[in-house]
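K.L.:
Could you work out the structure for the sequence below:
(one chain, ligands or ions: 1)
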Amino acid sequence: MTEAEIAAPRAQGGAWSFLVAGDETQFQGNAGYEDVVEESYSYDSTVGNYRRVAVGDLVVVRNGREALGVGYVEALQVLPDQEKVRSRCPFCRNTGFKERTRELPRYKCSPCGNAFDRPTRETVEVTAFRAHYGGTWQPLDGCLDKGQLNELSLSRSDQQSIKKMDRTRTLEAITSRGVRMPSPRESTGTGGHRPAELPGGHRRTWAALRRGQSGFRRALVRQYGLICAVTGAAPAEVLEAAHLRPFAETQSHRVEEGLMLRSDVHRLFDSGLLAIDAGLVVRVAPSLAGHELYSAFSGTRLRIPSDAPIDRRVLADHHAATVATW
Ligand SMILES: [Zn+2]
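P.N.:
Numbering: from 1, shown residues only. All right, here's what the predicted structure looks like:
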């Protein structure tokens, strides 16, 4: 397998969204590789826009529902002369048929309406590409949904795997949701830079698997972005969905009874060392006065919009019960 690398970044970088099948942290093999979503994305010369992706470009990885994460293309592998098996509808030769999970025959072609068990397979020669972005990857955890991504997209088609995005507006949108991008990494171009060894890959993958994403957290991320309500923007890895009253008590997953909190702040909240009053002002236990890292937040206003859907009565109950112990 020959392998080349395009290492010349453009002066003005572009922006793209890459569509992956299914949910986060899945392995998939677009062009016969196994990609880890947090590290790299493979595509081939049958995909629209395949020629235009370049080192330095911003890429948002999305599934059909939401944005999974974002990074800058740090290296691009080019693998010429790859064979790819393509499946076609045996009736109309179209490739736009879907696999069904509940009905037989297994495949149904929407262009011609026929159903069938076995598609026609053909082998085509393609050039395969693998874009690496793991070293700058930031999880988005769905803080932008499909509709918001469409607004940032410069292509109307829903079918495209690689869609052009408005780079400036995309960066603004993710920044406003608490995401902090590192600088794009300069590829050295000396040949000593091995994409397979780009940092930031597997370590983050395991973190994402452990972190999981409950429906409650997803709803709060969509509401508040990747922003701790007490301390501000923070990496997705340390942001938790906090229940404002013990979940065991209520069994409630109402967004109105939750906040995004950094894990240490969450722990203080649950331990009765930090509370938020009905005026959305943070209060820190007097016993933490010696810990400036935390006492500094006492008296600060919660970092959520004034019209945020929060149940102030539930906050006030927690506040009253908590300060009573101080
Ligand atoms: Zn057909």
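K.L.:
what does the domain assignment say about this structure?
P.N.:
For the chain, automatic domain parsing gives the domain ranges 4-78+125-208, 214-323.
K.L.:
Format these as a markdown table; extra columns: mean pLDDT and distance to Tyr107.
P.N.:
Just so you know, the C-beta spots here come from the backbone N, C-alpha and C atoms, and that holds for glycine as well. What follows is the domains of the chain, written out as a markdown table (pLDDT from 0 to 100; distance: least, Cβ to Cβ, whole Å):
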| stretch | mean pLDDT | distance to Tyr107 |
| --- | --- | --- |
| domain 4-78+125-208 | 79 | 16 |
| domain 214-323 | 93 | 31 |
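K.L.:
got these as a markdown table, with mean neighbour count columns?
P.N.:
Converted to a markdown table, the domains of the chain look like this (neighbours: other Cβ atoms under 10 Å):
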| stretch | mean neighbour count |
| --- | --- |
| domain 4-78+125-208 | 18 |
| domain 214-323 | 17 |
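K.L.:
This protein against the ion: which residues are in contact?
P.N.:
Counting by Cβ under 5 Å from the ion, the positions of the chain adjacent to the ion are 89, 91-92, 94, 109, 112.
K.L.:
one step back: I'd like the domains of the chain as JSON lines, with distance to Arg118 appended.
P.N.:
Conversion of the domains of the chain to JSON lines gives the following (distance: least, Cβ to Cβ, whole Å):
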{"stretch": "domain 4-78+125-208", "distance to Arg118": "20"}
{"stretch": "domain 214-323", "distance to Arg118": "38"}
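K.L.:
The residues of the chain next to the ion in strands, which ones?
P.N.:
Mapping the residues of the chain next to the ion onto strands (DSSP state E) picks out Cys109.
K.L.:
quick one: which of the residues of the chain next to the ion is nearest Arg121?
P.N.:
Each of the residues of the chain next to the ion was scored against Arg121 by Cβ to Cβ, and Cys89 proved nearest at 11.5 Å.
K.L.:
Please work out how many residues are found near that closest one.
P.N.:
Using other Cβ atoms under 10 Å, Cys89 has 21 neighbouring residues.
K.L.:
Hmm, Arg100 is touching Tyr107, no?
P.N.:
Yes: using Cβ atoms under 8 Å, Arg100 is in contact with Tyr107, at 6.9 Å.
K.L.:
Which one of those two is surrounded by more residues?
P.N.:
Neighbour comparison, Arg100 and Tyr107: the larger count goes to Tyr107, with 19 against 12 (by other Cβ under 10 Å).
K.L.:
Need the phi and psi values for the more buried one.
P.N.:
Main-chain torsions, Tyr107, degrees, to the nearest 10: phi -120, psi 150.
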